[in-house]
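Participant: A structural model of the following input is requested.
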Amino acid sequence: MKTVAEVAGWLEGFAPSRLAEKWDNVGLLWGDPDAAVERVMTCLTVTDESATEAVREGAGLIVSHHPILFRETKRIRADLPATAPLWKLARAGVAVASPHTAFDGAEDGINAGLCRRLGLVDAAPIRPHPGPASFKVVVFTPEADRDAVLAGAFEAGAGRIGDYSECSFAIPGHGTFLGGESTDPAVGARGRRETVAELRIEMVCPGVRLPGVLAAIRARHSYEEPAIDVHPVEPPPSALGAGRIGRLEAPRTFGEFARSASRALGGATLQVAGDPAAVVERVAVSCGAGDDFLGDAARLGAQVLLTGEARFHRAIEARAMGVGLIVAGHYATERPGVEDLAERIARAFPELIVWPSRDEADPLAVLVEPNRP
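Facilitator: Sure, this is the predicted structure:
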């Protein structure tokens, strides 16, 4: 029997909370982590409809893209629209977890999925998430100290590159030193310059492990004052981060791309700003309310930004900048990711029954006026 905490732990591995925006509220937000769970429902938002469905279908956990309790809440009552669904879930023992912007920016998250649906290739984050700090540690040691120093550094966490561990490189050379009156040098004598055959040993080290690695090197080194250099390492390009920018396999007009985007998003009704005849190849994508990426998209050479919501003046900016803007709707750009997430959880936990909410619907509808004579 799986627990709420186990499913939430898998979700953290898939969409790490460190990717979430600082203003966001992600993770396991509601319920008992130790409770057993057999049925999981995904949805875009916890509403009265989706909460009722979860209770009716016996879900033990809801994975809602949008977080509950997003802002400060002073009252959780059954007669208040904002908190009535939570009261219903609490009575039925249903937990709620939310990945939100961590899911948006995950390597294979919502924005990456949008790129696949839109036919974009070579997609990369618009705003890459900085990787963890990493350093190159260089220590100068006599040959006799090599194995002890390396063993200590490796045990403390240095020398890992991908799936390889205990990685290092050594270059032979000669070091010189002159010990003062208070020293007790391991080689030679104080007050006399010594020249010693040494190795320059290099290894990478995660930032979080650096203090322990330096302490281990000093503990295993025979010198009173071992020479150690620490250099920051530029992280490789990250596949994690906010938004995505990619390219079409063949250039198309803005109008053609917009029509294909509507089909890819299930016939979504689009609002567009831009010249339908303009040729586009590079496309930026940001699900939900992502019009703030317009400047980034232009800077990276995108001819189009597709997002879920955009403000009036952002559309004016897009036209002035010569960047086509496609507003596809918040629901249309994020609901497909919720459906994908249900499939992922089901694959990760074959013993669970997992489904995307069937009662959830876009709260906004298109009203078409009848033709008038």
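
Participant: restrict the helix or strand containing Ala332 to CA atoms and write it as CSV.
Facilitator: Ala332 belongs to helix 330-348 when assigned by DSSP states H and E. Output in CSV follows, covering the C-alpha atoms of helix 330-348 (Å, rounded to 0.1, in the frame of the first residue of the first chain):
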residue,chain,number,x,y,z
HIS,A,330,-4.8,29.6,-19.2
TYR,A,331,-6.8,26.4,-19.2
ALA,A,332,-5.8,25.4,-22.7
THR,A,333,-2.1,25.8,-22.1
GLU,A,334,-2.0,23.9,-18.7
ARG,A,335,-4.7,21.3,-18.8
PRO,A,336,-2.8,19.0,-21.2
GLY,A,337,0.1,18.9,-18.7
VAL,A,338,-2.4,17.8,-16.0
GLU,A,339,-3.5,15.0,-18.2
ASP,A,340,0.1,14.0,-18.9
LEU,A,341,0.9,14.0,-15.2
ALA,A,342,-1.8,11.5,-14.5
GLU,A,343,-0.2,9.1,-17.0
ARG,A,344,3.2,9.7,-15.5
ILE,A,345,2.0,8.9,-11.9
ALA,A,346,0.2,5.8,-13.2
ARG,A,347,3.4,4.6,-14.8
ALA,A,348,5.4,5.3,-11.7
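
Participant: assign Ala144 to helix, strand or coil.
Facilitator: State at Ala144, reduced to three classes by DSSP: H, G, I helix; E, B strand; the rest coil: helix.

Participant: give me the pLDDT value at the nearest residue to it once chain neighbours are set aside.
Facilitator: In space, and not counting its chain neighbours, Ala144 is closest to Ser222: 7.3 Å by Cβ to Cβ, 6 or more residues apart in numbering. For glycine as for every other residue, the C-beta is placed from the backbone atoms N, C-alpha and C. At Ser222, the model reports a pLDDT of 93.

Participant: swap in Leu367?
Facilitator: Model confidence at Leu367 (pLDDT) stands at 80.

Participant: returning to what we had before: measure the residue nearest to Ala144 to Asn25 for me?
Facilitator: Between Ser222 and Asn25 the computed distance is 52 Å (Cβ to Cβ, to the nearest Å).

Participant: have a look at those two and say which one is more surrounded.
Facilitator: Per other Cβ atoms under 10 Å, whichever of Ser222 and Asn25 has more neighbours is Asn25, with 17 against 14.

Participant: and that one, which of the three is it?
Facilitator: Following three-state DSSP, the label given to Asn25 is coil.
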